[in-house]
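**Q** Sequence below, structure please.
(one chain, ligands or ions: 1)
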Amino acid sequence: MKQTYIQSSFKDYEDIPGFDIYQRATAHQGYLHYLKDNNFMNYRLLATSGCGADINLAEDGYIKEGNYISFVCNDYLGFTQHPEVKKAAISSIEKYGTGAGASPLIGGYFEFHKELEDKISTFFKRPLGSAITYTTGYTANSASLLSLLKKDDIAIVDMAVHASVYEGILGTTTKRFLHNNTEALEQILSVAQDKYRTKMVIVDGVYSQDGDLAKLKEILEITHRYGGVLLVDDAHGIGVIGKTGRGAMEFFNILEKVDIITGTFSKTFGNVGGYLVADPELITYLQFQSRQYAFSAAATPIVAGVNKAIDLIDEEPHWQEKLWENIEYYRKGLQDIGLNIGITESAIIPVKIGNIQKNSEAGKLLLENGIYTNPIMYPAVSMKDSRIRMSLMATHTRAQLDKALNVFEYVNKKLDIAKPI
Ligand SMILES: Cc1ncc(COP(=O)(O)O)c(C=O)c1O
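**A** Residues are numbered from 1 along each chain as shown. You can find the predicted model right below:
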């Protein structure tokens, strides 16, 4: 049985023919035991301090209680711990309490929500009324797409888009194109031309596993040439990419031309929630037609922290500069060891290992030596694409990065993890 577990993944337990929910849960439990017994259980580790460049973990199996250098937090600019962001969230709680009490349509729409929508519209250089917020980044994609795209429409998606997009396009016709392959995209659009009411092309700005950027300029041009609508989810680009932190769209100089932008408050903005930016009429449509928005309670007053985080992107650009110093230093350090970091152009740094077993061993050895990373395997990436995934932060110190590089050198000596490029 153990032999089969080695090649297993969580995906295998999503649906098992003939198994009812309890039998499926029992089979799943067996897999979790295998992970735990082999010290590969790097999921749901219990942290006893806040999100940041270092973190305290509770004792759990082979994991010792103590402080770890952390590369698992997507809080790229360190704003979850910024005193001004905390202050904004605390004052908002003091003024409004801890909850919104209703969905935005029936009593749960407060002035801090409107201020946030206005700030997002302005941040993306659109007229007021161009933004809607959701209570997660996930639903900013899934719930809005479910509402916008029906069976007579088509979603044309880069195969590497986030799971939330895949959920959002369940009710429409769907075509996937090879990652960042603009010829494949054009081929699909040319065939789709007059067959669908809306042809929506959906890409990420920064891809969440390889950290590479979409070829946004070409994708926008092709999409518009064939009468399509472009949606860019730049969850990992905002605050990180572009001269003023407006993401991959700013980097490619197309910020004002993208039809629909989605993103999250859970990364650079140091909170939880998500947003969609588009033509104001489309925003109003979603306010009334998007079921998750209309029938679910609005964000808590803590979301006012995002208002301050948005300001800080412009007011304190040194965080983005420090982040890029860290990215360049760390990337070079990993490459000097001989490790394969792929084609990253962002704060997401993968160390590509390939072999699932070695990847798990590497994750464990890193953790045993005080470095907390995310070992990523199928189905998040393809079977041969296992990697250690890391998010860099502006608040990582040089000493922390040096310690992590030393541990990587040790892990490479022990496990020979340098996958050919
Ligand atoms: C590209 C992308 N889009 C959307 C999301 C969902 O955002 P959230 O975690 O804030 O719900 C994520 C989260 O990991 C993501 O990586």
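
**Q** Kindly report the residues of this structure close to the ligand.
**A** Within the chain, the positions near the ligand by C-beta under 6 Å from any ligand atom are 136-138, 141, 162, 164, 204, 208, 233, 235-236, 264, 266, 274. Heads up, the C-betas are built off the backbone N, CA and C, glycines and all.

**Q** of all the residues you listed, which two lie farthest apart?
**A** Longest distance between any two of those is 16.4 Å, between Thr136 and Asp204; criterion C-beta to C-beta.

**Q** neighbour-wise, which of those two wins?
**A** The residue with more neighbours, out of Thr136 and Asp204, is Asp204; 26 against 18, by other C-beta atoms under 10 Å.

**Q** Isn't that one up against Val232?
**A** Yes. Counting by C-beta atoms under 8 Å, Val232 is a contact partner of Asp204 at 7.3 Å.

**Q** Mutual contacts of those two, please.
**A** Here Asp204 and Val232 share the contacting residues Ala214, scored by C-beta atoms under 8 Å, 6 or more residues apart in numbering.

**Q** His162 and Ser142 touch, don't they?
**A** No. Using C-beta under 8 Å as the test, His162 is too far from Ser142 to be in contact (9.4 Å).

**Q** Span of stretch 206-221 from start to end?
**A** 18 Å (C-alpha to C-alpha, to the nearest Å).

**Q** Average pLDDT for that stretch, rounded please.
**A** The average pLDDT for stretch 206-221 rounds to 97.

**Q** go on, stretch 347-359?
**A** Per-residue scores along stretch 347-359 average to 94.

**Q** got the CA positions of that stretch in PDB?
**A** Extracted C-alpha coordinates of stretch 347-359, given in PDB (Å, rounded to 0.1, in the frame of the first residue of the first chain):
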ATOM      1  CA  ALA A 347       8.500  37.500  -5.600                       C
ATOM      2  CA  ILE A 348       7.500  33.900  -6.100                       C
ATOM      3  CA  ILE A 349      10.600  31.800  -6.200                       C
ATOM      4  CA  PRO A 350      10.400  28.100  -7.000                       C
ATOM      5  CA  VAL A 351      13.300  25.600  -6.600                       C
ATOM      6  CA  LYS A 352      12.400  23.000  -9.100                       C
ATOM      7  CA  ILE A 353      13.200  19.400  -8.100                       C
ATOM      8  CA  GLY A 354      10.900  17.300 -10.200                       C
ATOM      9  CA  ASN A 355      11.000  14.000  -8.300                       C
ATOM     10  CA  ILE A 356       8.000  13.900  -5.800                       C
ATOM     11  CA  GLN A 357       9.900  11.800  -3.200                       C
ATOM     12  CA  LYS A 358      13.000  14.100  -3.200                       C
ATOM     13  CA  ASN A 359      10.700  17.100  -3.100                       C
END
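
**Q** Now it: buried residues?
**A** Neighbour-count burial for stretch 347-359, with 16 or more other C-beta atoms under 10 Å as criterion, is recorded at 347-353, 355-356, 358-359.

**Q** now, which of these lie within helices?
**A** Judged by DSSP state H, the subset of the buried residues of stretch 347-359 located in helices is 356, 358-359.

**Q** Which residue is it, in the chain, that comes closest to the ligand?
**A** Gly137 (2.5 Å; C-beta to the nearest ligand atom).

**Q** All the strands of this structure, residue numbers only.
**A** 54-57, 66-70, 131-134, 154-158, 173-177, 199-204, 229-233, 260-264, 274-277, 348-354, 371-372, 374-376, 386-391 (DSSP state E).

**Q** now those in CSV, with distance to Glu218?
**A** Formatted as CSV, those follow (distance: least, C-beta to C-beta, whole Å):
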stretch, distance to Glu218
strand 54-57, 40
strand 66-70, 36
strand 131-134, 27
strand 154-158, 12
strand 173-177, 12
strand 199-204, 11
strand 229-233, 11
strand 260-264, 18
strand 274-277, 22
strand 348-354, 22
strand 371-372, 38
strand 374-376, 28
strand 386-391, 27
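
**Q** Quick one: neighbours of Glu218, just the number.
**A** With other C-beta under 10 Å as criterion, Glu218 counts 15.

**Q** And it, how close does it get to Leu230?
**A** For Glu218, the distance to Leu230 equals 11 Å [C-beta to C-beta, to the nearest Å].
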